[in-house]
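Peer 1: coordinates only, no sequence provided:
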């Protein structure tokens, strides 16, 4: 059986929501965007921010009113062409306001998120004198040759203390990083946050199967996983148990139905009147008058 394809983007959307949890009430998320009359559907996350709000998370330090986030999975390339393609998406987004200049250019930012640093792209910046600054760990600002404030987020370089969620979207996690993720999830109290965290955990587990296998013998690891997944596992077990019960009930009803039909046929061969057959069914099978009548009508 082929390995299940990893759904990186739902995990990314969940991770971003958790990263900005402190400002959740100040943000509006649009998780998929059509950028043409013929739907050009792209995995572009648009976050609309209240103008007066300052995002606590450093990833949102330069956010303005309209913030476009493009996520690149570990398998996706990020070269100069894909870089400018993201800028083109932002230009299209700006041009599709309902009225002229409804979305001002100076209210747009671009964030491109990737697990590892795209060295080829950074060499291009250097060779073409495009200025890049690094104000925070893993966060790079592109300072010229772009129409909107643009940053590249290298999740591998982010500070684990503040960015566990995004750093977990990697296919090269180590034992300690997975344990940090589990500890972070265990500390969540809100059910909504735990559901988001489960999406991140699912991606992390699928993308790092080998290290997860090695950790199976770690008793504390298994216990932590069980505590996190127990509510979901219990729900799955309950649903499957209920399904089996319903299937068994249906099977028994079908068997009873066939048995009654055979008895009705035999009684008729013996010359028993339908009125008498109905009475027999009501007495022996405790059927209502309506149900018994259905068998003899």
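Peer 2: Received it, and whenever you're ready, just let me know what you need. If you're wondering where the values come from, they're calculated on a predicted model, not measured in any experiment. Residues are numbered from 1 along each chain as shown.
Peer 1: return the helix or strand in the protein with minimum mean pLDDT.
Peer 2: strand 41-42 (a mean of 52; mean pLDDT, DSSP states H and E).
Peer 1: next helix or strand past that one?
Peer 2: Later in the chain than strand 41-42, the nearest helix or strand by DSSP states H and E is strand 44-49.
Peer 1: mind listing what's buried in the helix or strand just after that next one?
Peer 2: Where DSSP H and E defines the elements, the next helix or strand beyond strand 44-49 is strand 66-72. For strand 66-72, burial by neighbour count (16 or more other CB atoms under 10 Å) applies to 66-72. Placement of C-beta: from N, CA and C, glycine included.
Peer 1: where's strand 66-72 relative to the chain centroid, distance-wise?
Peer 2: 16 Å (CA atoms, centre = their mean, to the nearest Å).
Peer 1: what do you get for stretch 154-167?
Peer 2: That offset, for stretch 154-167, works out to 19 Å (CA atoms, centre = their mean).
Peer 1: what do you get for stretch 142-157?
Peer 2: 25 Å.
Peer 1: what does stretch 276-294 give?
Peer 2: That offset, for stretch 276-294, works out to 53 Å (CA atoms, centre = their mean).
Peer 1: how about the residue positioned nearest the centre of the chain: what's its closest non-neighbour residue?
Peer 2: Central residue of the chain (CA atoms, centre = their mean): residue 10, 3.3 Å from the mean position. Leaving aside its chain neighbours, residue 10 sits nearest to residue 199 (5.7 Å; criterion: CB to CB, 6 or more residues apart in numbering).
Peer 1: and what of residue 17?
Peer 2: Excluding the flanking residues, the one nearest residue 17 by CB to CB, 6+ apart is residue 196, at 5.4 Å.
Peer 1: give me the neighbour count for the one you found.
Peer 2: By the criterion of other CB atoms under 10 Å, residue 196 has 23 neighbours.
Peer 1: so what's it up against?
Peer 2: Listed by CB atoms under 8 Å, 6 or more residues apart in numbering, the contact set of residue 196 reads 14-15, 17-18.
Peer 1: beyond the strand or helix carrying it, next helix or strand please.
Peer 2: Using DSSP H and E, residue 196 sits in helix 191-207. As assigned by DSSP H and E, the chain's next helix or strand after helix 191-207 is helix 209-214.
Peer 1: and the contacts of that following helix?
Peer 2: Contacts for helix 209-214 (CB under 8 Å, 6+ apart): 173-175, 178, 205.
Peer 1: ok, those residues vs residue 52, which is closest?
Peer 2: residue 173 (37.7 Å; CB to CB).
Peer 1: hmm, residue 208 and that closest one touching each other?
Peer 2: Yes - counting by CB atoms under 8 Å, residue 173 does reach residue 208; the two are 4.7 Å apart.
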